[in-house]
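1. predicted model and sequence below, questions to follow.
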Amino acid sequence: MPKFFNKLSTQFVFSFALTASTLVIFVLGLVAFLILDRTQKLQNELTASFSETYLNDSEAILKSNLRYINLRLFNPIYEFDISLLNDELYQLKGWLKPKSILITDLTGTIITDGTEANRNYGKSIVIPEPLKDKQSYLTHNDQGQRVIFAKIGIEHKPVGYIRIVFSQEKDQILVARLQDDVNSSITKFHQALIIVGAIGLFVILIVSVLLGVKARKSFSKPIAEMTKAAKEFAAGNLNYQIPAKVQARNEVDQLSASLKQMANDISIAKNQIQQQAHFDHLTGLPNRFLSMDRLKQSIDEAKRKDEIIAVMFFDLDDFKKVNDTLGHDVGDKLLIEVANRLIQVTRLGDTVGRLGGDEFIILLADLPSMIEAQLIAEKLLEQFRSPLPIENRELLLTTSIGVALYPNDGEDPQTILQNADTAMYRAKELGRNTYSFFTKELNEKVTRRLNIEEQLHNALKKHELEIYYQPIVSLKNDKITGAEALLRWNSSEFGQVSPEEFIPIAEQLGVINEIGHFVLSHSFSQAKYWQENYLSEFTLSVNLSPLQFRSMELVNNIQGLLQKHQLKNSTINLEITEGTLITGYSHVEEALQELCDMKLNIYMDDFGTGYSSLSYLRNYPFTALKIDKSFISDITDDPSDLGLVRATIAMAHSFQMKVVAEGIETQQQLEMLKAMKCDYGQGYYFSCPVPRKEFEKLIRDQTT
Ligand code: C2E
Ligand code: MG
Ligand code: MG
């Protein structure tokens, strides 16, 4: 089938024309058949009636003339005057033009046949029976010729008979002529019928084609256009314009209008989804998904053009504090302001995206060199040196930036971003408000960290964790009064791993509660044993991670363990860092208060390294401060450290708090601390953290 037949419009036009034509042909055919049939019958009837009329007429004429013939023939027959008879017959022949004429006597014997030779003389013919009662009788012979018999003479006294045979030819010629006339009229009628039929057919064809074209214009074509539009919409081209005019006059136009409306609605919804899926609703910046997509595109381009890309992981320092103290509304406004500043610093083709929270990403494509990235990082830090105006406030924020480069630090978006993140953490470690590039060492550190994460999960089950004890000594009498429980991990994979390395990882992995419980449970049991056997006033110091305070169970757990081991609450020191106090969880404060109410001692560990906010000391029920070893190590050389330590001791005492000096390594340090009336000391000078058996030996030696 030709291709154009596949079109609905063409099919429609053709089927319409075909149906209409078939119908017309059928009707015309039927009419023609009926007319032909009728005319045929008419023709036969006409011919028959004509020939009959003709014969009747000629018979009537003959009959009306028989009297005259009778008169003329009577005497010659009566007198048997054959020559006179022949003369009369000769005239009759000229007048009637018959085929033959015979005169018989009453017996049927031929008197004359009108010819000179008269060869039929004396022969007999049969006189038909009906003639006896009639004057004349018309019949047909074998050849279909008309034969007239008539009596000559007075009705009941005939003298003879006359037989006239008429030739059939004359009739036939007349009938044939008549038939010809009828036939030619009928043929003309048939021709007229065909012409009318053809014209009708042609008109119907034209009309149906015109109707088809009209239908194509107002129905098939718009539908074809809408079908095309629907395909375009489905293919995502929602801007495709339907050419059909839309006035919503008929159903097709309404359908077209609905289709346009639908495409428009989809387009709006798509844009909204696009916006929501790809852009951060707060800052309007590309979100993580779009940022990563752009990074991928930049990498692909950089690969082709052999270019350098820098990915900056940008994190606000202490943004959480802003949220906690000033509320989320201010936090949100701050993030918007930060986004604006980042856009100002970056170049036109660069991408600034928000990864979530206070984390942003900056993609610097087509960098001439690494130095360029460094310059932009410095510019970014510089940008945040001036305060951000938020709600009539001027907020000063610092930022930490990690930089990773393509292709040096990774060849795929995930790796580069991960490495920029690592570099950002390094910047935080370096003291914040700075930037750090991802390096090989950093990479090794990250790899080790990942391995540690993997191993740490099973450390407890594999019994690789052990508690060491470091003596805490009273500086009044140099006697061990207690010990700090310090966790050790002897990993089958890495050997000894420092708690400074694995505790933060345990916190992040969420296994710190489990580990913390292990330390509390074992050290409590150990403390009880030592109290009972060596040092009844033995005090145990245990470190608690800020993360342990997030568990509502902490207080109950400690209470349960104290009861289980029958420990006097006042012999337990719980060491917390400032990190615990700035978590922002309200129940931390309650937990601390409850622990304090239970008469447990709360120690502020690593004092001096964090914010050392004096308000903490006023607001929280600390029993003692532990001055960080970083201050103690320099008191002999650095007068300012010495001043700080002296002031801290004095301040603590004024708050009725005891002071423990960490990290005492030399006699000189010890002497100075004693002179400053520091209460307790802890450090390698006395003993390193040691396994429980060794520690036991230390207190056993002291008691004996
Ligand atoms: P920290 O609580 O401040 O513990 C004191 C740290 O100083 C210990 O390090 C100890 O070995 C070290 N130290 C003691 N005397 C000296 C000295 O004279 N010189 C020097 N240079 N260092 C000294 P360690 O055992 O490596 O523990 C490090 C940190 O890990 C601890 O600091 C504590 O914050 C954390 N930690 C240890 N065990 C636990 C635990 O069971 N739970 C929790 N949450 N944290 C723990
Ligand atoms: Mg401690
Ligand atoms: Mg400490």
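-> Great, that's in hand. Ligands and ions are numbered 1, 2, ... in the order given.

2. give me the element the residue in the stretch 101-250 of the chain positioned nearest to ligand 2 is part of.
-> Shortest the stretch 101-250 of the chain-to-ligand 2 distance, computed as Cβ to the ion: residue-wise this is residue 236, at 61.6 Å. The C-beta positions use only the backbone N, C-alpha and C, and glycine is treated the same way. Assigning secondary structure by DSSP states H and E places residue 236 outside every helix and strand.

3. what values do phi and psi take at it?
-> Torsion angles at residue 236 (phi, psi; degrees, to the nearest 10) stand at phi 100, psi -10.

4. how many neighbours does it have?
-> 10 (other Cβ atoms under 10 Å).

5. can you start the count at 747 instead of 1 from here on
-> Taking 747 as the first residue, the last one we looked at is residue 982.

6. can you list the residues of this structure near ligand 3?
-> Within reach of ligand 3 by Cβ under 5 Å from the ion, the chain has these residues: 1351, 1352, 1408.

7. so the closest residue to the first one other than its chain neighbours: helix, strand or coil?
-> With Cβ to Cβ, 6 or more residues apart in numbering as the criterion, residue 1351 has its nearest non-adjacent residue at 4.2 Å, and that residue is residue 1321. The three-state assignment at residue 1321 reads strand, by DSSP: H, G, I helix; E, B strand; the rest coil.

8. how many other residues sit next to residue 1321?
-> Should you count by other Cβ under 10 Å, residue 1321 turns out to have 20 residues around it.

9. now do the contacts for residue 1106.
-> With contacts taken as Cβ atoms under 8 Å, 6 or more residues apart in numbering, residue 1106 has the following neighbours: 1031, 1059, 1060, 1061, 1084, 1085, 1088, 1098, 1099, 1100.

10. I'd say the first one and residue 1101 touch.
-> Meaning residue 1031. No. Under the criterion of Cβ atoms under 8 Å, residue 1031 makes no contact with residue 1101, lying 9.6 Å away.

11. just the element for the nearest residue to residue 986 once chain neighbours are set aside, please.
-> With sequence-adjacent residues excluded and distances taken as Cβ to Cβ, 6+ apart, residue 986 is closest to residue 978, at 3.8 Å. When elements are assigned from DSSP H and E, residue 978 belongs to helix 967-980.

12. for the stretch 1297-1446 of the chain, which residues are neighbours of ligand 1?
-> By Cβ under 6 Å from any ligand atom, the part of the stretch 1297-1446 of the chain that sits against ligand 1 consists of 1321, 1351, 1352, 1375, 1408, 1409, 1410, 1411, 1428, 1429, 1430, 1435.

13. which residues are in contact with the last one?
-> So the one you mean is residue 1435. Under the criterion of Cβ under 8 Å, 6+ apart, the contact list for residue 1435 reads 1214, 1215, 1216, 1230, 1232, 1234.

14. before we move on, back to that, and the residue of the stretch 847-996 of the chain closest to ligand 2, what's its pLDDT?
-> Reading off the confidence values, residue 982 has pLDDT 80.

15. residue 952: neighbouring residues, count only.
-> Other residues within reach of residue 952 by the criterion other Cβ under 10 Å amount to 11.

16. and the gap between it and residue 941?
-> Residue 952 sits at a distance of 16 Å from residue 941 (criterion: Cβ to Cβ, to the nearest Å).

17. tell me how far the helix or strand containing residue 925 lies from the chain's centre.
-> Counting by DSSP H and E, the secondary-structure element that holds residue 925 is helix 914-961. Distance of helix 914-961 from the chain centroid (Cα atoms, centre = their mean, to the nearest Å) equals 67 Å.

18. and it, what does it pack against?
-> Judged by 3 or more Cβ pairs under 8 Å, 6 or more residues apart in numbering; DSSP states H and E, helix 914-961 is in contact with helix 754-824.

19. and the residues of the stretch 1297-1446 of the chain next to ligand 1, which two are the farthest apart?
-> 1321 and 1411 (20.2 Å; Cβ to Cβ).
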